[in-house]
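1. Here you go, sequence then predicted model.
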Amino acid sequence: MRDSELTERPGKGWSPWKEGPPDGSIAKIWWAARELHFAKLNVSCWFDGSDLVAIEHWGYRRPKWTMKLKPKDWQPLPEVYRLAREEEQAAALERFRAKQAEHRARLIKLSEQRPTPAPAE
């Protein structure tokens, strides 16, 4: 894929550009898509198989995104998979918060052990 294919405006069959981050809109429509980030281009792309289905510009550009329109035979993510995905995301968030609290407690303990410098006269 060339840089121009990622940064040019998609044509027919795509939704109009929308300002700001997608906030899960892409994941609701293209729930099987995988997200890839291209940091040098300041772009995130969603691929469903080998098809590019969504683009998000961020960084030095104004944040905006667009996605391919839904296929005619589109079906929402089955409820069982949606609930499992939400539980998995909640568990990951809880692990992250626990790790942050652990690091914060360690930093506080280390800062309390550090000797205070003598005041300069």
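-> Cool, the structure landed.
2. next helix or strand past the helix or strand of the chain at the bottom of the mean pLDDT ranking?
-> One helix or strand of the chain scores below all others by mean pLDDT, DSSP states H and E: helix 3-7, with a mean of 57. Tracing the chain past helix 3-7, the next element assigned as helix or strand by DSSP states H and E is strand 18-19.
3. Residue 29 against residue 71, yeah?
-> No: between residue 29 and residue 71 there is no contact under C-beta atoms under 8 Å: 9.7 Å. Every residue, glycine included, has its C-beta placed from N, CA and C.
4. between these two, who's got more neighbours?
-> Taking neighbours as other C-beta atoms under 10 Å, residue 29 and residue 71 compare with residue 29 leading, 22 against 12.
5. State the distance from the more buried one to residue 118.
-> Distance of residue 29 to residue 118, computed by C-beta to C-beta, to the nearest Å: 63 Å.
6. Residue 36 now?
-> Residue 36 is 54 Å from residue 118, where distance means C-beta to C-beta.
7. Compare these two (neighbour count), which wins?
-> Legend: neighbour count by other C-beta under 10 Å for residue 36 and residue 118, higher for residue 36 (11 against 6).
8. just checking, the more buried one touches residue 52?
-> No: counting by C-beta under 8 Å, residue 36 does not reach residue 52; the two are 9.8 Å apart.
9. list residues touching both of the two?
-> The overlap between the contact sets of residue 36 and residue 52 (C-beta atoms under 8 Å, 6 or more residues apart in numbering) consists of 45-46.
10. Residue 28 belongs to a strand?
-> No: using DSSP: H, G, I helix; E, B strand; the rest coil, the assignment for residue 28 is helix, not a strand.
11. could you measure it against residue 58, distance?
-> 19 Å.
12. Neighbour count for the two, which is higher?
-> residue 58 (16 against 12).
13. Show me the shaky parts of this protein.
-> For the chain, applying pLDDT under 70 flags the ranges 1-9, 121.
14. Helix or strand for the residue nearest the centre of it, just tell me which one.
-> Geometric centre of the chain, nearest residue: residue 35, 7.5 Å, by C-alpha atoms, centre = their mean. If you go by DSSP H and E, residue 35 is part of strand 34-38.
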